[in-house]
Each structure stands twice: as C-alpha cells, then as structure tokens.
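# sequence first, then the predicted structure:
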Amino acid sequence: MKMDAFRYSKKVLEHFRNPHNMGEIKDADGIGRVGNPVCGDVMYLYIKVKDNVITDVKFQTFGCVAAISSSSILTDMIKGMTIEEAEKLTKDDVLKKLDGLAPVKLHCSVLAVEALRKAIGDYRKRKNSERQRNC
Amino acid sequence: MKMDAFRYSKKVLEHFRNPHNMGEIKDADGIGRVGNPVCGDVMYLYIKVKDNVITDVKFQTFGCVAAISSSSILTDMIKGMTIEEAEKLTKDDVLKKLDGLAPVKLHCSVLAVEALRKAIGDYRKRKNSERQRNC
Amino acid sequence: MRVYLDNAATTRVDPAVAEEMKKYLTDIYGNASSLHAFGREAREALERARESIAKKINANANEIVFTSGGTESDNLAIQGICLAKKKGKLLTSTIEHPAVNNTMLAVKERGFGVVKLAVDSEGFLNLDALQDELSGDVILVSIIHGNNEIGTVQDMKAISEIVHDKGSILHMDCVQSFTKVPIDVKKTGVDMISMASHKIHGPKGVGALFVREGIEIEPLFYGGPHEFGKRPGTENVAGAVAFAKAAELMTANEISKIKSMRDYLVRELLEVEDSLLNGPGIDNPNRRLVNNANITFKYIEGESLLYKLDDYGIAVSTGSACSSRSLKPSHVLSAIGLDHKIIHGTVRMTFGRFNSMEETKYAVEKIKLCVDELRQISPFKHSFDNYDVKG
Amino acid sequence: MRVYLDNAATTRVDPAVAEEMKKYLTDIYGNASSLHAFGREAREALERARESIAKKINANANEIVFTSGGTESDNLAIQGICLAKKKGKLLTSTIEHPAVNNTMLAVKERGFGVVKLAVDSEGFLNLDALQDELSGDVILVSIIHGNNEIGTVQDMKAISEIVHDKGSILHMDCVQSFTKVPIDVKKTGVDMISMASHKIHGPKGVGALFVREGIEIEPLFYGGPHEFGKRPGTENVAGAVAFAKAAELMTANEISKIKSMRDYLVRELLEVEDSLLNGPGIDNPNRRLVNNANITFKYIEGESLLYKLDDYGIAVSTGSACSSRSLKPSHVLSAIGLDHKIIHGTVRMTFGRFNSMEETKYAVEKIKLCVDELRQISPFKHSFDNYDVKG
Ligand SMILES: Cc1ncc(COP(=O)(O)O)c(C=O)c1O
Ligand SMILES: Cc1ncc(COP(=O)(O)O)c(C=O)c1O
C-alpha cells in the first residue's frame, strides 16, 4: 500500500528491539564516526581486525529506528569478513538484509556503510603508520 | 432561527389542512382571477354582494401551501365586510392573520389581496353596466 | 405509518453500518497518520475501506480520495482541474446538481469558459453537441451520471469515448448512481467520479473522488500530506469504513427489491388522470436509476402535495433537497422541455433499502387521495384554459 | 496495558457521544434541508447543536459554520478572506499547524503578502512585532491559539486588541484549545476561530468555524445554500450533534483531572538527567494547554523512543501526527530556539479524558526505562562532544 510506505519491516524492528553488537571497543583497530546532516543521526563503528579479518565489531548510534537497525545488521554482516570483502558492501546489501526501508529512510543505510568505510580507512591509516613506525 | 425561516406557522398549516370557503360561486357578483408570474400560482376569487356587504365568498387556488392558506384566510376575513372595508385590506393584514410568512413566500399573500381587488373591480363594473342598463 | 420516500436526498444509515462505525469511534480511534499501534490500526482500516470502494468501481486503491461528501468531491474535480490547468474551457450539461452547476458558475467568474450542453426530453445528453463543442482547449467535461431529479443514467462509455477522442478529461457526478448502476472505470475510461456515502445508507459527511492515476488536480485546501496530497485533514476513519460497508451492502438483491417497489408506484400513479412520468421509462435500470420516480400531476402544485403527504407521514420531495427552499422551477425539468405550467406539479419519490411494499401501497393510496383533494381546490380541472389571467 | 498519550493527534470518541450520534444515523436520518417531518427533525437537531457550540464560546448560533474538520476551518478562514478581499497582506506566526502554514504558502503563491511573526522561547507571540507589521493592507492575522506541539496558549484578548486597533481581522486556530481554555468571542473580540470535534472526544470529520457576523468570507466550494452560504453540502447532522455533545462533556472537572495527570508526568520526567520541558511552565492553564507535555531527552532520538514505547503499548508522538512521516525537524521547536542537535530527542505526550493515573505511572516508568536503554546505544552520554564528525 502506497500510503503505508513508512512502516518498518519485521526485520528492521527485530534489530531495533534487540540490537546486536551494541557498545564500544576501547582498543579498536579502526573507528568510523559519521554524522548525517539530513536528520542529525550519528554513528560510531568500532572494528577489531586480525590477519585482515574483522574479528569483532561494535557500534553506537544516535538516531532513529532505521539508523539503529542498519547499524545492528551491518555489524552482523561484517563480522568474519576480510577487509576487502567488507569494503565491497553497499547500502543495497544492507537494505536487502533489512527487507527494505521507506524512501525517506534510505539514507540511514548509507550512514552505516559510510561508517564502515571510515572505520576501514582508519584501520588502514593506523596500520600504515604502524608499518612506517616499524620501518 | 435564521435557517428555519422557511417553516410555515401553525396558522398557515391549519388553513392549508382545512381551507375555508373553497370552491366556486356560479352566480357570483364579482370574480377576481390573478396569476403570479414568480411561481405560477393562480387564484380565482368569487364574491356575492348584498347591500354593499360581502355575503358569500369562495376561492379556487392552484398553488403552494402559502397561496392556499392566504386564500383561505382572506375569504374568512372579508366575509361580512362592506366593499369599502374589504378594499382597504392589505397584504400585511393577511400576513398578520397567518402569523407571518417566509420572505420567499410573501408574494403569496399579495396574490390573495390582488384577487380581492380584482373581484371588487369586477363587481363594480358589473353594477355600473347594470345601472346603465337600468337607465 | 411513516414512509420515507426521499432517499435521493439522503438515506437512513443501515444499523449494520452504524454498528461497524461505532467500533471505529470508540475502539479503533487512532489517527491514521500516527506511527504507533493505535495509528497503524486506524491506517489499516482506512486502507481496507479504500480498497473496498475502489473495488466497487474497478479502480486501484490509490485512485480513491476520501472527501466530506458529494459536493466536495464535485468541487475537488472541477476546481482541482481548473487550479491545475490555470485556463481553458469546461463543458457540462443543463441538468447538473448545484454542486456542479454553481462550481461551474464560480470558475466562469474566474475566467474559464463554460458551455452547457443540452439534453433530450428524457434527459440524455446530446452527444452530437458534445462532439461539436469539444476542442483542444476543453480542459474538463463534467456530466452527471445518474440524475438526482429524473433519474436519467447517461451512457458513461459513449461519453468517455467521445471526450477521450478529443483528448480531454471526463468527470462524472456519480453521487446518485454509485452502487445502483454498475460502474467500471477501466472499461469506460472515465477519469474522475464523485461519490457520497449518505445516499447509500452510509453516514453523512463522507464521500470520495476517484481520480485516475496520472490526472493532476490541485487540492481545494492545504494542510498535512493526507490522501495523496489531494485532500488534507485528519482522516475520517470511521466515516470511510462506514462508507465502504454501506457500499458492500448494496447488493443486486437490494437493488431489484428497490426497483420493484418503484415500478409498482409508478404504474399505479400513472393511472391518475393527467399525470406523467418525467425522465426515461422504468424498464431499463441502465437508463434510469432504479430508485427514482418523478411524476407530474397537472393542475396542482408539488409543494402542496408534499405538505399534504407530510401530514400522513409520507416524505417526498419537489426537487433536490437543497433547492427545496427556493421557488425557481427545476432547471432539470425545464431542460427536458416541461411546460412551466406543469413543472410545479411535480414530485419526486425515491426509494431505499428500508422501504417495504406495504409502505409503497400506503403511499400510493394517500398520494392519489391528496392529488384529488388539491385538484378540488384548484381552478383548473381538465385543462389549463384561462391560465394566463390578464391584469 | 495500552496507554494512549497522543490525544493532541486525535481522541477516543466518548461512548456517550457515540451513542447520541447513533440516534442521528439510524433514527433521525433526514436531510436537514428537506421540508418534510424527517427533514424538520434533522434541522432541529442541527440547530440545537449549533446553539450548543455557539454557547461554549459565547457566540451567536448564526456565527457557527459547520465544516469537515480543523483543516477545512483554517482554510475557510484564510482562503475565504483572500477570495473576498482579492489582495493584501496576511500575518501569521512561526509556530502554526500545517493547515495554516501551508495555506499561507498557497495564498502567497497567489500573490498575497505573507509575513511570519516570531515567538519567544516559550512560544508566545512577539506582540511588538505584530504591532510593527500591522498596516492598512493587512487583510488577516491568523495565529494559533493553543499550540499543538508545545501547548503555548496565546493571549487572545491582547492580540485581538492590537489587531483591531489597526482595523484588521483576527483568526485564531483553536483546534487544540477549544473547551480546554475558556474562549469568549464577545469579550476578546476575535473574528474567526477554528474548532475540530475529534480533538475533544467527538468524531473525526466534523469541525466548525466561528465567523463573526459582518465578516465577509467566500466559500471554498460551491453547491446548495447550506450553512449560510459559506459551506455547501448535505449537513452532517449526526456529526454536528456528536461534536456538540462532546463539547458539553468537557467540564471543568475533566479538565482538572487531565491537568493533574499531565503535571505528574512532567514532574517525573524532568527528574531524568538531561531532560527539558519545551513550552511554558505547567502551572498556569491559561498559558499552557492542560493536556500537553513536550519533553526533550538529550542524546537520543524521539522516533526511536516512540517505537520502544509502542512495544509497551504506549502511544506518544514526535510532533504533530501529520508530520510524523516527515524528517524535517519540528518548525515549532526551531522557532522557540531549540538547538537542532536536541530537537530530534523530543516527544509529545498529550492526555485525554480516558487516561488514568495508573496509566500515567506505567508510562513514566517505561519512558524512563526506554530513555535509558537508548542512551546506552548512543555515542553521546553527557555531552554532544564530537557531534560534528568531519569527513
Ligand atoms: C447528483 C448529486 N451530486 C452532488 C450532490 C451533493 O452531495 P452532498 O450533499 O453529499 O454534498 C448530490 C446530493 O445532494 C447529488 O444528488
Ligand atoms: C492546531 C491545529 N490546527 C489544525 C489541525 C487540523 O485539524 P484536522 O486534522 O481536524 O483537519 C490540527 C490537528 O490536526 C491542529 O492541532
């Protein structure tokens, strides 16, 4: 139903009710912090990486239902992935897993993917500087 | 109540339900026939006159509730009047007796008074021609 | 006995409809635009009602805009197109309801061209005239589908084809015909149709406008994003649900029951001397609304007959309810060529689901009696000789 | 437990109102414009309802025009004046409901001047600004009386005096304030006020506009001569009767019961760390709607709180119901100067006659719990440090 486009899917509400991987990793290997100017949402993503594989991940999100569930599902998705695999994830992958989002809420899935990209970038930067330091 | 201005008074409905002096006088001394171009109503008024006094009166009306009750009340009013008294009647006298009429219906009381004027005119004309014949 | 024969003016709400409605007043009372459970329940009910109305005319749910009634629907269609198109010409008929007639007058004052098309003696639109007047600048054709006074049902498909041949848009006022005549917006191609709940045993204050997807109209008023941006205001959920329920209850059975009572009444009353039926014959339900009888009794006046019948508990009308306070002779009866002398002797009797054959027989008896009594008062008996009395 | 705390969006119809209404659906069902007994009964009911609504605001019955709701009333006032005056300037505030806001936008597009007047941090209109902007060409001032989001109740008399000093016309949107704040149109001199039934435990689909005798407005749509020529369409008798009944049931007792629940909730929730009340203080019922609580919880987002509470059966809102599907931060909260970071952490809880203290306590408990849970997910705990994350 057209007028019902705003409703959240069951999947979205499931993750909202019981968000997975919520919290902070004090000694993270990479941190992605992104804010969404459209609606004021903010997401922090923390990753632990070992042998190029994401071994742990946590998030903190200030935002709406869609933002929180996108965060939760994304953390589920990337745990165990290699950095390269994770890097290839798009907002559409997140959307699919969430059984879709209303058009006005699409940007929330973007937020999660952006946080991931930033966390990976941060992880690479740290590794680089580590390597440089090791040289 | 303003929006109720169209309702008929009890008096109007009484006369409508039981119109007085309804019918025709075959040997009338005066007949007034008037039509109302506004709403298509037509009224015929028949009078019998003796010694300048209206001794009998009857009407036939093709028209709405207001037209029929105006006819009825007018016939009641003029029975027993002298021609001069009857001639002085105005639509306001009729309206008063009917406890008023809605603005859109005012012309119905005019119709009755006009029929009366015409019947009196007819009566006078006949008397005149009679007198002339008697000369 | 009380006999309500004015179902074209409005109808008794079916107790089953009232019952259903109550649930959405006191139990499912949320705002259909609210996000919480109370709102979602209301939204679901509203959308079910929309689907149901859509189904009745073979439309899609997103083509149904709920309004406050027939008048608003007519205005939304006509003004809505005028506001969207900014200029142009509109075609309509000489037998429209005031909701269309007066809206046409209003847009005419705002600079739009308005042409009224003639009808024949039964009230059917002159299709040649329609064809002739259609030109590139005609932004809308608005024709009453089932006439509220004389029951004439226009040929929706034929009109639609002509209008679309010339690339224009067709609105039909189906306030009287909805559920009484089968309407299929896909088969006929009509672009907009007006409907009202209170004419089909639903509550007053609810109506709908079907607007074909792709037809752009501007709203009449502004506010929230309700009803696809075409009609703002907190949705009248209980009203919409009740409207849908009422439409569902108008079955073929009910329709044929109504028709048989109407047919009986018409046949009986046409036996009265100097009486005539206005509008199409009563046989074909696709040419005349099954619930409508419009009869002229010569030599008497309709309002007088109305009041006499009122004393017997019988409700009839002398025209449309909203013009009953006006003295002007019916423009519809004038349009079909009725002489002004006899126009005033016309009464409309319209049936509904709650009438019975017993009531109908009682009404016939009293109508005959009252016509007779009024004719006794009337100066005219068998002709209108001497009608044009001179000064 | 289900707790409905969204009574500013809409209310549960009082069973007594629904009962009364039913009578006018199934028993007194005539068309109020019909001449027969069925019509006269309906007319009498309609006019009694009109008298009753008029009395509530000390108006005359012929100054009450029934409409389909608050949105239509607002539009009839604003568009009605614009259509009548043809040109000129309109003044309004920065905290109007979309029914006024978007109508102002529409008339602006049609060439009218529109100026929005600022409010202070509690939402009260800047009277100096009003004075300054009033000039000879101001054809209408339209100000919301009781604000639907933050509950601010404007000083009707003071505003009216200023507006009339400059010879202009004052409309006030009283959709939220009607029956909750005493309104006296004679004492205050206000020229038009909008009201809606569904905000006071009456049915949806009914509203009214008070139009002072002598104020000329054009109708929004055209049809029969109903409602003093200002609003055509078959009169919604049952709706009007129900609206009047609902208004009668809003007694001082009910109001004070509502206020005490609201006050309890606000006091409790302000004990939550980093929470704040938006709008005027809760003490003076003439400065703040007695049923309104609008609270910001820092570091969380209102929609998330709404959905969490929904799981507990508690209905709250993040703004007006009709903007709940939009992402834009509340223009009302922006207008009172709330920082955009915390605007989104706002929820509105509004009480009605059917809430209980038990429900209120349950709601307080769950709100505290949910705020806490959401703050655990949030990256911000005691400050918005690091909010402006850079690319
Ligand atoms: C053909 C037609 N169109 C429009 C209307 C107006 O509908 P409403 O009175 O519900 O506004 C009516 C009935 O009054 C009607 O019969
Ligand atoms: C202040 C205010 N004005 C106008 C409206 C519009 O009223 P309605 O939704 O009944 O059309 C509302 C409520 O939605 C309101 O709160």
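The structure has been received and is ready for your questions. Ligands and ions are numbered 1, 2, ... in the order given.
# how many other residues sit next to the residue in the stretch 151-300 of chain C that chain D sits nearest to?
Nearest residue of the stretch 151-300 of chain C to chain D (CB to the nearest CB) works out as C:Gly224 at 2.9 Å. Every residue, glycine included, has its C-beta placed from N, CA and C. As a burial measure, C:Gly224 scores 23 neighbours (other CB atoms under 10 Å in any protein chain shown).
# same deal with the one 3 residues further on?
The number of residues packed near C:Glu227 is 21, by other CB under 10 Å.
# again, but for C:Asp128
C:Asp128: 11 neighbours (other CB under 10 Å).
# try the one 5 residues further on
Counted with other CB under 10 Å, residues neighbouring C:Glu133 total 17.
# now swap in the one 10 residues further on and tell me
The number of residues packed near C:Ile143 is 24, by other CB under 10 Å.
# quick check: bridge partners of it?
Taking DSSP bridges, one obtains C:Met172 as the residues bridged to C:Ile143.
# roughly how far does it sit from ligand 1?
Distance of C:Ile143 to ligand 1, computed by CB to the nearest ligand atom, to the nearest Å: 11 Å.
# please name the residues that touch that residue.
C:Thr92, C:Ser93, C:Glu96, C:Leu117, C:Leu125, C:Gln154, C:Ile159, C:Leu170, C:His171, C:Met172, C:Asp173 (CB atoms under 8 Å, 6 or more residues apart in numbering or on different chains).
# as a markdown table, those residues with secondary structure and neighbour count would be great.
Shown next, in a markdown table, are the contacts of C:Ile143 (DSSP: H, G, I helix; E, B strand; the rest coil; neighbours: other CB atoms under 10 Å in any protein chain shown):
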| residue | secondary structure | neighbour count |
| --- | --- | --- |
| C:Thr92 | strand | 23 |
| C:Ser93 | strand | 27 |
| C:Glu96 | coil | 23 |
| C:Leu117 | strand | 21 |
| C:Leu125 | strand | 25 |
| C:Gln154 | coil | 24 |
| C:Ile159 | helix | 21 |
| C:Leu170 | strand | 25 |
| C:His171 | strand | 32 |
| C:Met172 | strand | 27 |
| C:Asp173 | strand | 31 |
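# which member of those is positioned nearest chain B?
Chain B has its nearest neighbour among these in C:Glu96, at 22.8 Å by CB to the nearest CB.
# wait, that closest one sits on C:Leu105?
No. Taking CB atoms under 8 Å as the definition, C:Glu96 is not a contact partner of C:Leu105, at 10.6 Å.
# residue 32: neighbouring residues, count only.
No chain was given, so I picked chain A. 24.
# hmm, I had chain C in mind actually
For C:Ala32, the tally of surrounding residues (other CB under 10 Å) stands at 27.
# looking at this, it is in a helix?
No. According to DSSP: H, G, I helix; E, B strand; the rest coil, the state of C:Ala32 is coil, so it is not within a helix.
# what's the burial count for C:Lys87?
Neighbours around C:Lys87, by other CB under 10 Å: 11.
# show me what contacts it?
C:Gly111, C:Phe112, C:Ile139.
# before we move on, the earlier item: redo the contacts of C:Ile143 as a markdown table? Include distance to C:Gly229 and pLDDT.
Shown next, in a markdown table, are the contacts of C:Ile143 (distance: CB to CB, whole Å; pLDDT from 0 to 100):
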| residue | distance to C:Gly229 | pLDDT |
| --- | --- | --- |
| C:Thr92 | 26 | 98 |
| C:Ser93 | 30 | 98 |
| C:Glu96 | 27 | 98 |
| C:Leu117 | 32 | 98 |
| C:Leu125 | 33 | 98 |
| C:Gln154 | 30 | 98 |
| C:Ile159 | 29 | 98 |
| C:Leu170 | 22 | 98 |
| C:His171 | 19 | 98 |
| C:Met172 | 23 | 98 |
| C:Asp173 | 23 | 98 |
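# put the buried members of the contacts of C:Lys87 into a ChimeraX selection.
Applying 16 or more other CB atoms under 10 Å in any protein chain shown to the contacts of C:Lys87, the buried members can be selected in ChimeraX as follows:
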select /C:112,139
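# how about the residues of chain A that lie near chain D?
Counting by CB under 8 Å from any CB of the partner chain, chain A comes close to chain D at A:6, A:8, A:13, A:16-17, A:19, A:22, A:33-35, A:38-44, A:60-65, A:67-68, A:104.
# now list the buried members of those.
A:6, A:8, A:13, A:16, A:19, A:22, A:33-35, A:39-44, A:60-65, A:67-68.
# let me see the ranges of the helices in the stretch 101-250 of chain C.
C:127-133, C:156-165, C:185-188, C:237-249 (DSSP state H, counting those that start in this stretch).
# which among those is found nearest to chain B?
Comparing the helices of the stretch 101-250 of chain C by CB to the nearest CB, helix C:237-249 comes nearest, at 23.8 Å.
# alpha carbons only: can I get the very next helix or strand once past the closest one in CSV?
As assigned by DSSP states H and E, the chain's next helix or strand after helix C:237-249 is helix C:252-269. This file holds the C-alpha atoms of helix C:252-269, laid out as CSV (Å, rounded to 0.1, in the frame of the first residue of the first chain):
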residue,chain,number,x,y,z
ALA,C,252,-28.1,-6.9,-6.6
ASN,C,253,-30.9,-8.3,-4.5
GLU,C,254,-31.4,-5.0,-2.7
ILE,C,255,-31.4,-3.1,-6.0
SER,C,256,-34.0,-5.4,-7.5
LYS,C,257,-36.2,-5.1,-4.4
ILE,C,258,-36.0,-1.3,-4.6
LYS,C,259,-36.8,-1.4,-8.3
SER,C,260,-39.9,-3.5,-7.9
MET,C,261,-41.4,-1.0,-5.3
ARG,C,262,-40.5,1.9,-7.5
ASP,C,263,-42.1,0.2,-10.6
TYR,C,264,-45.3,-0.6,-8.7
LEU,C,265,-45.6,3.0,-7.5
VAL,C,266,-45.0,4.5,-11.0
ARG,C,267,-47.5,2.2,-12.6
GLU,C,268,-50.1,3.0,-10.0
LEU,C,269,-49.6,6.7,-10.2
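# quick check, nearest of the contacts of C:Lys87 to C:Leu309?
Nearest to C:Leu309 among these: C:Phe112, at 41.9 Å, using CB to CB.
# which residues touch the closest one?
C:Cys82, C:Lys87, C:Gly88, C:Lys89, C:Leu90, C:Ile139.
# 7 Å instead?
By CB atoms under 7 Å, 6 or more residues apart in numbering or on different chains, the residues touching C:Phe112 are C:Cys82, C:Lys87, C:Gly88, C:Lys89, C:Leu90.
# ok, now C:Gly88?
Counting by CB under 7 Å, 6+ apart, C:Gly88 has contacts C:Phe112, C:Asp137, C:Val138, C:Ile139.
# one more time with 10 Å
By CB atoms under 10 Å, 6 or more residues apart in numbering or on different chains, the residues touching C:Gly88 are C:81-82, C:107, C:111-113, C:135-140, C:168.
# out of those residues, who's the most crowded?
C:Leu140 (29 neighbours).
# separation between the residue of the stretch 251-391 of chain C found nearest chain A and C:Arg353?
Per CB to the nearest CB, C:Thr251 is where the stretch 251-391 of chain C lies closest to chain A, at 26.7 Å. Counting by CB to CB, to the nearest Å, the separation of C:Thr251 from C:Arg353 is 10 Å.
# quick one: which of those two has more around it?
Shown here are C:Thr251 and C:Arg353; by other CB under 10 Å, C:Arg353 has more neighbours (20 against 11).
# apart from its neighbours in sequence, what residue is nearest that one?
Leaving aside its chain neighbours, C:Arg353 sits nearest to C:Glu254 (5.1 Å; criterion: CB to CB, 6 or more residues apart in numbering or on different chains).
# just the strands in chain A please.
Ranges of strands in chain A, per DSSP state E, are A:30-35, A:42-50, A:53-62.
# turn these into CSV, columns for distance to ligand 1.
Output for the strands of chain A, formatted as CSV (distance: least, CB to the nearest ligand atom, whole Å):
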stretch, distance to ligand 1
strand A:30-35, 52
strand A:42-50, 52
strand A:53-62, 50
